[in-house]
Each structure stands twice: as C-alpha cells, then as structure tokens.
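Participant: whatever this is, show me its structure:
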Amino acid sequence: MGTRGGPMKVHAEGIEAEERARIAQEIIDGLDEEAPEEGVEQDWEDQLARLTDEIDAGTVEFERWSRVGQALDDMVHGWRSPK
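Facilitator: This is a model prediction of the structure:
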C-alpha cells in the first residue's frame, strides 16, 4: 500500500486484511444508520397535512404540468446562457 489516503491508510497497513474488511463494512453500514435531524419527519408530515388541507379547501391554484415544465426549462436554459 502506498501513502495515498493519509494517516488512516498508514495505520490500516498494520491490520490484517480480514480485520480491515470488517472495519470497512462497519463504516459502510454506518452510513445508512444516520438518523434524520430531530423533528424533520414531523415537519414533513405537518407540511403534507397543510397542503392536503389547502387542496381540500380549494384554496390552491393548480398549474398544468406543461406550463410548469416549460417554466423550468426556461429557467435552466436561462442559467446556461445569461441574457
């Protein structure tokens, strides 16, 4: 092993391959276990409930997808080539 990877790699060179694999797997598994920030899920549920209530009450104006898509396309192309 070379020196690319910094101090962790240098320390890992002294560990047997099987142990390095176990540690790597624990790190990878840990990536999926990160909990969302406290309250985020409740905030999403509250937002969805609010939007559903607005739709049910008829206080929301809908746009056709073709119009929204065109507006997004215009924005993207506008950012690529400023006027």
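Participant: past the helix ranked longest in the chain, which element shows up next along the chain?
Facilitator: As assigned by DSSP state H, the longest helix anywhere in the chain is helix 40-57. For helix 40-57, the following helix or strand on the C-terminal side (DSSP states H and E) is helix 65-80.
Participant: report the distance from that next one to the chain centre.
Facilitator: Once both centres are worked out by C-alpha atoms, centre = their mean, to the nearest Å, helix 65-80 turns out to sit 23 Å from its chain's centre.
Participant: what do you get for stretch 39-47?
Facilitator: Averaging C-alpha positions (C-alpha atoms, centre = their mean) puts stretch 39-47 16 Å from its chain's average.
Participant: and for stretch 38-47?
Facilitator: The answer for stretch 38-47 is 16 Å, by C-alpha atoms, centre = their mean.
Participant: for stretch 14-25, same thing?
Facilitator: 29 Å.
Participant: now do it, average pLDDT.
Facilitator: Averaged over stretch 14-25, pLDDT sits at 83.
Participant: tell me the domain boundaries of the protein?
Facilitator: 1-34, 40-80 (automatic domain parsing).
Participant: dump these into a markdown table; add mean neighbour count as well.
Facilitator: Yep, even glycine has a C-beta here, placed from its N, CA and C like the rest. Formatted as a markdown table, the domains of the chain follow (neighbours: other C-beta atoms under 10 Å):
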| stretch | mean neighbour count |
| --- | --- |
| domain 1-34 | 9 |
| domain 40-80 | 10 |
